[in-house]
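J.: Next comes the sequence, and after it the predicted model I'd like to discuss.
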Amino acid sequence: MSNSTDQSFAAGYRAVLTGVFVGIVDTLISLGFNVAYRRGGADFPQDLINVSYIIFGTVFLFFIIGVIYMGLRSISTKGSLIFIVLFGALTIIGLAAIGSAHLADSDIENLRYRGILRGLVLIDGISATALIPYFYNSPKFQESVV
């Protein structure tokens with residue numbers, strides 16, 4: 001492989017692994033939020049949002065987000081900025097869409113599902129928008145973790 005191929009492979013590898021790392025950290029934060037939200041009196045079925053969905057879904061989601069970050073960085077010199085704007089907008093759109101979502105038959109359950117979903121989307125959105133570009137560009141993180 002040529003030197004430019006090695007550098008693009010290393011950049012892609014770093015982007016994906018940064019996404020996975022942020023996904024693992026985000027999973028722990030999301031699980032803590034899930035426990036706190038449900039202990040705060042919000043008792044409702046775990047049909048839509050449960051621990052296994054949070055664990056596997058979040059890590060897989062952030063793997064895909066890492067691939068998207070890699071793709072945006074490879075096609076544009078402003079890839080990080082495009083990524084931040086894109087995922088900031090997706091977070092805002094997701095939060096707005098949750099407000100009109102009908103997730104359960106009971107109005108109380110519907111409010112509780114919306115509350116936990118808003119929290120999870122906010123956690124994931126902030127992590128994707130801010131942490132992936134930050135850690136990707138952090139030499140100390142790249143040296144110590146990736």
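T.: Happy to help now that I have it. Residues are numbered from 1 along each chain as shown.
J.: which residues in the protein form helices?
T.: Here the chain has its helices, by DSSP state H, at 3-39, 51-75, 79-98, 107-126, 132-136, 139-144.
J.: What is the neighbour count of S80?
T.: For S80, the count of nearby residues is 17 (other C-beta atoms under 10 Å). For glycine as for every other residue, the C-beta is placed from the backbone atoms N, C-alpha and C.
J.: for the helices of the chain, which one ends up most surrounded?
T.: Mean neighbours per residue, mean count of other C-beta atoms under 10 Å, is largest over the helices of the chain for helix 132-136, with a mean of 20.
J.: contact partners of that one?
T.: Under the criterion C-beta atoms under 8 Å, 6 or more residues apart in numbering, residues 14-15, 18-19, 21-22, 62, 65-66, 69, 80, 83-84, 141-142, 145 lie in contact with helix 132-136.
J.: give me that answer again for 10 Å
T.: 11, 14-15, 17-19, 21-23, 25, 62, 65-66, 68-70, 73, 79-81, 83-84, 87, 141-142, 145-146 (C-beta atoms under 10 Å, 6 or more residues apart in numbering).
J.: Tell me how far the nearest residue to A104 once chain neighbours are set aside lies from I98.
T.: The shortest distance from A104 to any non-neighbouring residue, by C-beta to C-beta, 6 or more residues apart in numbering, is to N110 (4.6 Å). With distances taken as C-beta to C-beta, to the nearest Å, N110 is found 11 Å from I98.
J.: One more: L61?
T.: Spatial separation of L61 from I98 under the definition C-beta to C-beta is 16 Å.
J.: now swap in I54 and tell me
T.: In this structure, I54 and I98 are separated by 16 Å, where distance is defined by C-beta to C-beta.
J.: picking up where we left off before, any chance of the helices of the chain in a markdown table, plus mean pLDDT?
T.: Listed next are those as a markdown table, based on pLDDT from 0 to 100:
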| stretch | mean pLDDT |
| --- | --- |
| helix 3-39 | 82 |
| helix 51-75 | 92 |
| helix 79-98 | 94 |
| helix 107-126 | 89 |
| helix 132-136 | 92 |
| helix 139-144 | 84 |
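J.: need the contact list for the residue most central in space within the chain.
T.: For the chain, the residue lying nearest the average C-alpha position, counting by C-alpha atoms, centre = their mean, turns out to be D124 (3.6 Å). Taking C-beta under 10 Å, 6+ apart, we find D124 in contact with 22-23, 26-27, 29-30, 57-58, 61-62, 65, 87, 90-91, 94.
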